[in-house]
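Visitor: Next comes the sequence, and after it the predicted model I'd like to discuss.
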Amino acid sequence: MVSDRTLRVVIKPVVFSICLVPLALLVWRGLNDGLGANPIEASNRFLGDWALRFILIALAVTPIRIMTRWNPIMRFRRMMGLFAFAYVVLHLTSYVALDQFFDWPAIWKDIIKRWYITVGMTAFVLLIPLAVTSTKGWIKRIGGKTWQNLHKLVYPAAILGVFHFYMMIKADFTEPIIYGVILAILFGIRIFESIRKRKPRTA
């Protein structure tokens, strides 16, 4: 059994450092001409890929706890969720600053005309209140039940994230389909557990 001190002092810092690896890899590639002929597009897609992966990782925490009955893993859920939001913000910032150079009229036109951007922006908006209310203080302010209901917004946000990726791809839909299947499995585990808990026990 892992002690609370080991979780807090050893495992959490290690997991935190691992979550920074994709960003460090992107910086290293950028400094060593490893982003190809279009570095802006490559970095934007790289950040978007990892944003979606971290959303799935955050959503996987509860199903893993359900399957393994290892409750301490829940202590990593907030960290994973915040890293997911951080990579989403970096993905969006890359688009706004590097791709569009803060041309707000052009950005707004993109949001309106390009459906995959509309979907992506909608997912981002849904994630904002989750990041803002991620602290224990917010749970006390709005109440546990309200907080739980609010954080269910992660489900449509994740679905929209997968669709955003799928709509953006012009060929070879393998990767977004894999993400969609993973998301469906994670939802399935949660639904199955919810049904199991509601099922009356017979003597």
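Guide: Structure received.

Visitor: and I18, how many residues sit next to it?
Guide: Neighbours of I18 under the rule other C-beta atoms under 10 Å: 10. No exception for glycine: its C-beta is placed from N, CA and C like everyone else's.

Visitor: do the same with M67
Guide: By other C-beta under 10 Å, the burial measure for M67, its neighbour count, is 10.

Visitor: same deal with L186?
Guide: Quick note: L186 (other C-beta under 10 Å) scores 19 neighbours.

Visitor: Also I117?
Guide: Counted with other C-beta under 10 Å, residues neighbouring I117 total 18.

Visitor: F187 is in contact with T62, correct?
Guide: No. Using C-beta atoms under 8 Å, T62 is not in contact with F187, being 10.8 Å away.

Visitor: Now name the helix or strand holding the spatially most central residue of the chain.
Guide: By C-alpha atoms, centre = their mean, the chain has its centre lying nearest to I55, at 2.0 Å. Element membership of I55, judged by DSSP states H and E, is helix 39-68.

Visitor: Same question for stretch 7-21: list its buried residues.
Guide: By 16 or more other C-beta atoms under 10 Å, the buried positions in stretch 7-21 come out as C19.

Visitor: So what's the gap between it and the chain middle?
Guide: 18 Å (C-alpha atoms, centre = their mean, to the nearest Å).

Visitor: And it, end to end?
Guide: For stretch 7-21, the first-to-last residue distance is 20 Å (C-alpha to C-alpha, to the nearest Å).

Visitor: How about stretch 22-42?
Guide: Length of stretch 22-42, first residue to last, C-alpha to C-alpha: 13 Å.

Visitor: got the contact list for that stretch?
Guide: 43, 46-47, 50, 87, 90, 94, 98-99 (C-beta atoms under 8 Å, 6 or more residues apart in numbering).

Visitor: Can you report how many residues neighbour the closest residue in space to L47 that isn't next to it in sequence?
Guide: Nearest non-adjacent residue to L47, counting by C-beta to C-beta, 6 or more residues apart in numbering: H91, 4.0 Å away. By other C-beta under 10 Å, the residues close to H91 number 22.
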